[in-house]
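>>> Sequence first, predicted coordinates after that:
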Amino acid sequence: MAQTLNYTRIPAPRVSLVDPQTGIVSNEWFRFFNNLYAISYSGTTTTTAGTYGSATNVAQITINDFGVTTALSNVPIAIDATQIVSGNINTARIQGAYTGITGVGTLTLGTWNATPITTTYGGTGLTSYAAGDLSYYAAGTALSNLAIGSSTYLLTSSGTAPQWTNPTTVTVGKATNVAGGLANQIPYQTAVDTTSFIVAPTVSNTYLNWSGTAFQWTAAGGSMVYPAAGIANSTGSAWGTSYTTSGTGTVVALTDSPTFTTAITSTGALQLTGDATTNQNIATTQTTGTLSIGGTGATGTITLGQSTGVQILNIATGAATGTKTVNIGRLATAGTTSIFLGSVSGANNTISLGGGTSTGTISINNTTGTASTNITTGATLTGVTKTVNIGTAGASGSTTTITIGSAVSGATSTTTNNGLFKLQSYTVATLPTGTVGSKSFVTDALAPTFGAAVVGGGAVGIPVYHDGTSWKVG
């Protein structure tokens with residue numbers, strides 16, 4: 001509260017009021033009255049007793065021209081951001097607008113409510129997204145969004161921006177996506193960048209071939225059907241190259257032993273018929289003769305009878321004396337030859353080489369050049385199992401020895417197995433008599449030890465070998 005000064009307690013100067021030398025107020029009394037005026041300033045002061053200044057306030061002091069404090073007050077501390085040159089500030093105390101933050105640090109709290117950060121400063125420049133959007137940069141200071149595409153569409157490039165594309169219109173180089181085809185159709189190129197389709201045939205037993213200008217389905221040749229009117233017998237003169245159903249007569253009988261001076265051709269199968277005891281022979285009487293079955297683009301078939309009885313087809317050299325060679329294969333020096341020994345699907349086939357005590361030899365690629373020989377089962381469909389057996393069909397107790405490799409001394413043989421190699425399984429008691437190097441597999445080994453004689457009576461399946469004396473584990 002304001003206080004009233006007691007001027008009577010202020011001591012006065014101890015000199016004359018008027019200086020006798022100057023005749024005016026002395027300096028002492030001048031200063032006394034001047035200080036008295038400055039102190040009193042109309043006789044009161046507005047300052048109030050108390051504590052000024054704290055951690056959150058600063059004391060504000062007002063002093064008049066005479067050096068007298070005329071006012072005191074507490075003012076809350078408010079520091080402008082431009083006045084902060086060092087130190088750390090509690091994050092809870094930062095508020096207001098700041099345009100000059102240049103320090104480096106990490107913002108760990110708070111929500112960003114400012115304008116979007118542009119791509120210039122590593123941002124996206126975007127303020128919203130839709131589900132499935134893909135962001136990419138095109139130009140400016142903000143990314144662009146590509147909305148999600150239609151189902152099954154592919155993401156491609158237009159050359160300037162990403163885009164969704166219908167897969168039926170996509171091309172990859174010269175390989176055009178096959179569109180417009182139906183089930184069981186085969187596509188093929190009819191021109192550059194042009195794909196056509198071959199429609200599946202409506203009948204069975206057809207094959208795909210080339211007409212010279214396009215692919216086509218062609219019916220496979222069947223058995224020959226004789227014309228109703230028959231074919232005239234040969235009179236010894238040359239026949240023509242083709243025949244029609246006109247004319248009379250019967251088919252030439254084999255017993256007539258006709259001689260043909262020109263080739264006999266047939267679009268189907270050439271059949272030789274007779275009774276149950278008659279031999280049917282196709283032969284050449286020339287020193288060197290060729291019997292050709294089939295032709296360009298044709299299929300040749302030799303059929304042995306049509307009954308269900310026992311029948312034999314002999315491909316032989318004729319007389320027993322002398323050295324004879326039977327070649328089954330291609331006579332030309334180039335090209336590919338496929339030879340099938342066997343029957344159609346569903347039939348059982350047996351091919352026997354040699355007879356009695358004779359020795360049969362099959363030579364494949366019997367030349368001095370480099371060649372490869374494949375013994376295969378032919379085409380195999382998914383789910384179909386085919387087995388190739390190389391062995392004997394002899395009676396129980398017989399012995400078969402199979403040698404794979406060269407029989408010539410000094411020659412080197414290499415056997416490559418591209419699949420599983422399975423050994424015949426035995427019990428120890430039923431192992432056959434072995435020779436040095438024999439390998440087998442037992443299913444009842446008891447506590448087998450490598451190199452030791454195998455003992456039966458157990459339950460361990462393990463390979464074994466013969467060392468010339470006994471079967472050993474290994």
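The structure has been received and is ready for your questions. Residues are numbered from 1 along each chain as shown.
>>> Any regions of the stretch 51-200 of the chain where pLDDT drops low?
Per-residue confidence of the stretch 51-200 of the chain (counting by pLDDT under 70) places the weak regions at 65-68, 81, 90-105, 172-179.
>>> Break down it into its strands, ranges please.
Ranges of strands within the stretch 51-200 of the chain are 57-63, 69-76, 134-136, 144-146, 154-157, 162-165, 171-172, 175-176, 186-191, 194-198, based on DSSP state E, counting those that start in this stretch.
>>> which secondary structure elements does the last one contact?
Pointing back at strand 194-198 there. The contact analysis (3 or more Cβ pairs under 8 Å, 6 or more residues apart in numbering; DSSP states H and E) places strand 194-198 against strand 186-191, strand 215-219. Yep, even glycine has a C-beta here, placed from its N, CA and C like the rest.
>>> Let me see the ranges of the strands in the stretch 351-474 of the chain.
Residue ranges of the strands in the stretch 351-474 of the chain, as given by DSSP E, counting those that start in this stretch, are 425-426, 439-445, 460-466, 471-473.
>>> Quick check: closest non-adjacent residue to residue 15.
In this structure, residue 15 finds its nearest non-sequential neighbour in residue 28, 5.0 Å apart by Cβ to Cβ, 6 or more residues apart in numbering.
>>> That neighbour: what secondary structure?
For residue 28, the secondary-structure state derived from DSSP: H, G, I helix; E, B strand; the rest coil is helix.
>>> try the one 3 residues further on
Local secondary structure at residue 31 is given as helix here, using three-state DSSP.
>>> again, but for the one 3 residues further on
Using three-state DSSP, the structure places residue 34 in helix.
>>> Send me stretch 120-128 as PDB with only the CA atoms.
As requested, the backbone C-alpha atoms of stretch 120-128 are provided in PDB (Å, rounded to 0.1, in the frame of the first residue of the first chain):
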ATOM      1  CA  THR A 120      10.900 -31.700 -53.000                       C
ATOM      2  CA  TYR A 121      11.400 -32.500 -49.300                       C
ATOM      3  CA  GLY A 122      10.800 -36.300 -49.500                       C
ATOM      4  CA  GLY A 123       7.000 -36.200 -49.000                       C
ATOM      5  CA  THR A 124       4.200 -37.300 -51.300                       C
ATOM      6  CA  GLY A 125       2.300 -34.000 -51.600                       C
ATOM      7  CA  LEU A 126      -0.900 -36.000 -51.200                       C
ATOM      8  CA  THR A 127      -3.700 -35.400 -48.700                       C
ATOM      9  CA  SER A 128      -5.900 -38.500 -49.300                       C
END
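>>> can you list the residues that contact that stretch?
The set of residues that contact stretch 120-128 without belonging to it, under Cβ atoms under 8 Å, 6 or more residues apart in numbering, is 116, 117, 118, 119, 135, 140, 141, 142, 143, 145.
>>> Kindly recompute the last result at 10 Å.
By Cβ atoms under 10 Å, 6 or more residues apart in numbering, the residues outside stretch 120-128 that reach it are 115-119, 133, 135, 137, 140-145.
>>> Output these in CSV; the columns should cover neighbour count.
Shown next, in CSV, are those (neighbours: other Cβ atoms under 10 Å):
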residue, neighbour count
115, 9
116, 14
117, 15
118, 15
119, 16
133, 15
135, 13
137, 13
140, 11
141, 14
142, 19
143, 17
144, 17
145, 16
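>>> Export those residues as a markdown table, with columns for distance to residue 436.
Conversion of these to a markdown table gives the following (distance: Cβ to Cβ, whole Å):
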| residue | distance to residue 436 |
| --- | --- |
| 115 | 92 |
| 116 | 87 |
| 117 | 85 |
| 118 | 87 |
| 119 | 82 |
| 133 | 78 |
| 135 | 77 |
| 137 | 78 |
| 140 | 87 |
| 141 | 87 |
| 142 | 85 |
| 143 | 80 |
| 144 | 81 |
| 145 | 80 |
